[in-house]
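[1] Curious how this folds, go ahead:
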Amino acid sequence: MQDWMHIVFRAISTIAILFLMTRILGKKQISQLTFFEYITGITLGEVAGFMSTDVEANYMHGFIALFLWFAVPLLLEMLTLKSKRLRDWFEGKGTVFIKEGKILEDNLKKERYTADELLEQLRAKNVFNVADVEFAMLEPSGEVSVLLKKENQPLTAKHLGIKTAPERESQAVIIDGNIMDEPLATAGLSREWLLTELEKIGVTPENVFIGQVDVYGGLHVDLYDDMLLVPDDVSKPLLFATLKKCEADLSLYALAVKNEGAKHVYESCAEQMNRILEQAEPLLKR
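    Sure, this is the predicted structure:
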């Protein structure tokens, strides 16, 4: 066999083996690496490279080395799942850099971090003032996790006492002009519903680059032609306005009627409509 054909065979077989091993080792190998995973990744790549190009070396010897560098990390990963002590040994522990708003200089020195590097990591988290930080920790992956002080944290609906509707992922029902049946079924919708909604806004599926349906049945589309304007969906605001008008009318009738029995009925209906509005507002005013 000619050398170039030998290298092609070795390279293709090594890529297949390396891909299979990486799939078995899991997604941690391509995420933020621990010390041991970093060493494993480099060595697997080096061994695979030598196996592909060194035609004079015994291929099986390289395969045995590659298999060992795959099997040992896999075994250790299974053991660390069951042992906190082994996890701390092989993956390391987090190091606190800032606690109760104060920088722990000794911990910075322990991890050989300078003040400039700490500030750089904080800026990466959109924190430009150390005084805003309550707690910060260097994770085993090398990332710095940051907790802002209470007064510097962004406001949320919970802070304001606003009720929000439950949130789930949107379903991409059209991609590259093609209707996706599985996401449609997941959303509990049909092709007929989708085509009807597209007809309302005057577009065909072929003109849609991406179309998504949110959890409340709202269809949002991005067209290939960016010059075309898609009309906004006004059905939810219109429904909310209609319900609000019903509540106002019931309250007005309760004030205008003289019969006490009828007044009580109108007041009761107005209260029920008000409760319905409170429940529906997070769904309709989005």
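[2] Distance check, Glu199 against Ile175.
    In this structure, Glu199 and Ile175 are 20 Å apart, going by CB to CB, to the nearest Å. Any C-beta I mention is one placed from the backbone N, CA and C, and that applies to glycine too.
[3] Who has more neighbours out of those two?
    Legend: neighbour count by other CB atoms under 10 Å for Glu199 and Ile175, higher for Ile175 (14 against 10).
[4] Just list whatever residues bridge to the more buried one.
    Judged by DSSP bridges, the bridge partners of Ile175 are Asn178, Ile210.
[5] contacting residues around it?
    209-211 (CB atoms under 8 Å, 6 or more residues apart in numbering).
[6] quick one, strands of the chain?
    95-99, 102-103, 133-138, 144-148, 171-175, 178-179, 208-213, 219-223 (DSSP state E).
[7] Could you pull up the mean pLDDT of the first one?
    Right, the one you point to is strand 95-99. Strand 95-99 carries an average pLDDT of 93.
[8] change the start of the numbering to 30 and stick with it
    All right, first residue 30 from here; so that's strand 124-128.
[9] Of the strands of the chain, which is nearest Lys139?
    strand 124-128 (6.6 Å; CB to CB).
[10] and the closest one, what does it pack onto?
    If you count contacts as 3 or more CB pairs under 8 Å, 6 or more residues apart in numbering; DSSP states H and E, strand 124-128 packs onto helix 134-139, strand 162-167.
[11] coming back round to it: mind putting the strands of the chain in JSON lines, distance to Ala291 included?
    Below are the strands of the chain laid out as JSON lines (distance: least, CB to CB, whole Å):
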{"stretch": "strand 124-128", "distance to Ala291": "66"}
{"stretch": "strand 131-132", "distance to Ala291": "68"}
{"stretch": "strand 162-167", "distance to Ala291": "59"}
{"stretch": "strand 173-177", "distance to Ala291": "56"}
{"stretch": "strand 200-204", "distance to Ala291": "47"}
{"stretch": "strand 207-208", "distance to Ala291": "53"}
{"stretch": "strand 237-242", "distance to Ala291": "44"}
{"stretch": "strand 248-252", "distance to Ala291": "43"}
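[12] Determine which of the ones you listed approaches Phe269 most closely.
    Among the strands of the chain, strand 248-252 sits nearest to Phe269 (CB to CB), with 18.6 Å.
[13] Next, the buried residues of the closest one.
    248, 250, 252 (16 or more other CB atoms under 10 Å).
[14] cool, and stretch 220-234?
    Neighbour-count burial for stretch 220-234 [16+ other CB under 10 Å]: 222-223, 226-227, 230, 232, 234.
[15] And those residues, which two are furthest apart?
    Taking CB to CB, no two of the buried residues of stretch 220-234 sit farther apart than Trp222 and Val232, at 15.1 Å.
[16] Report the central residue of the protein.
    Nearest to the geometric centre of the chain sits Glu198, at 9.7 Å (CA atoms, centre = their mean).
[17] Now do the residue nearest to it when sequence neighbours are not counted against Trp222, distance only.
    Distances taken as CB to CB, 6 or more residues apart in numbering put Val244 closest to Glu198, at 7.9 Å, once the chain neighbours are dropped. According to CB to CB, Val244 and Trp222 sit 15 Å apart.
[18] for Ala45, same thing?
    44 Å.
[19] Now do Ile208, the pLDDT please.
    Note on Ile208: pLDDT of 90.
[20] Ok, Gly55 next?
    57.
[21] Extract the CA atoms of stretch 304-312 and return them as PDB.
    Once non-C-alpha atoms are left out, stretch 304-312 reads as follows in PDB (Å, rounded to 0.1, in the frame of the first residue of the first chain):
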ATOM      1  CA  ARG A 304     -60.700  38.200  38.800                       C
ATOM      2  CA  ILE A 305     -60.700  36.900  35.300                       C
ATOM      3  CA  LEU A 306     -58.800  40.000  34.100                       C
ATOM      4  CA  GLU A 307     -56.200  39.500  36.800                       C
ATOM      5  CA  GLN A 308     -55.600  35.900  35.700                       C
ATOM      6  CA  ALA A 309     -55.700  36.800  32.000                       C
ATOM      7  CA  GLU A 310     -53.500  39.900  32.100                       C
ATOM      8  CA  PRO A 311     -50.100  38.100  32.100                       C
ATOM      9  CA  LEU A 312     -51.300  36.100  29.100                       C
END
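[22] Before I go, just wanted to say thanks for your time.
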